[in-house]
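Visitor: What shape does this take:
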Amino acid sequence: MSDHRRLGFIAGAVLLPFAVAGCTGLSRTAVGTISYTTPDSKVVRVSNPSVSGCHPLKRGGAASVDNNTLIDMWLYPGSGCTGKPTVYNATTLTNTVTPPLVAWRSYTLVH
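Guide: Numbering: from 1, shown residues only. Modelled structure (predicted):
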């Protein structure tokens, strides 16, 4: 094996952990879109949302939520990811609000 090739393998082995660590930072996003319909029938789409934190559902919340990401989600009736009942909405599924609840107000992504 030539010296250049050996140095290439060593450099790759040294740099690989840094590349992997860079991909697992706090700024991870869910691949795909979350679409929701507001109580007044407006459709809102969120592309590649962050997997960390609580996300408010704007425009009066969501009467229906389509999770077209690769990550499951929790839906909350409170704007700060609070309140009961909460609903687990798996990836590629839709959840529609049932009375007496008027709208979902926030969500978190399961990670």
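Visitor: Only C-alpha atoms from now on, for both contacts and neighbour counts.
Guide: Fine.
Visitor: Give me the distance between the closest residue to V102 other than its chain neighbours and L57.
Guide: Distances taken as CA to CA, 6 or more residues apart in numbering place A63 nearest to V102, at 6.8 Å, with adjacent residues excluded. Separation of A63 from L57 (CA to CA, to the nearest Å): 10 Å.
Visitor: need the helices for this protein, in chain order.
Guide: 3-23 (DSSP state H).
Visitor: Any idea which helix or strand in it has the lowest mean pLDDT?
Guide: helix 3-23 (a mean of 58; mean pLDDT, DSSP states H and E).
Visitor: give the contact list for the residue nearest to V102.
Guide: 36-39, 96-97, 102-104 (CA atoms under 8 Å, 6 or more residues apart in numbering).
Visitor: repeat for G60
Guide: 38-39, 103, 105.
Visitor: cool, P56 as well?
Guide: P56 touches 79-81, 105-107, counting by CA under 8 Å, 6+ apart.
Visitor: partner residues bridging it?
Guide: Using DSSP bridges, the beta-bridge partners of P56 come out as S106.
Visitor: Render the CA-only coordinates of stretch 86-95 in CSV, please.
Guide: C-alpha atoms of stretch 86-95 as CSV (Å, rounded to 0.1, in the frame of the first residue of the first chain):
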residue,chain,number,x,y,z
THR,A,86,-52.8,15.0,24.6
VAL,A,87,-52.6,12.9,21.4
TYR,A,88,-49.8,10.8,20.0
ASN,A,89,-49.7,11.3,16.2
ALA,A,90,-47.4,8.8,14.5
THR,A,91,-45.5,9.5,11.3
THR,A,92,-47.6,9.6,8.1
LEU,A,93,-50.9,9.8,10.0
THR,A,94,-53.6,12.4,10.4
ASN,A,95,-55.4,13.5,13.5
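Visitor: how many neighbours does V97 have?
Guide: Residues near V97, counting by other CA atoms under 10 Å, number 16.
Visitor: Quick check: it vs S27, distance?
Guide: Plainly put, V97 is 30 Å away from S27 if you go by CA to CA.
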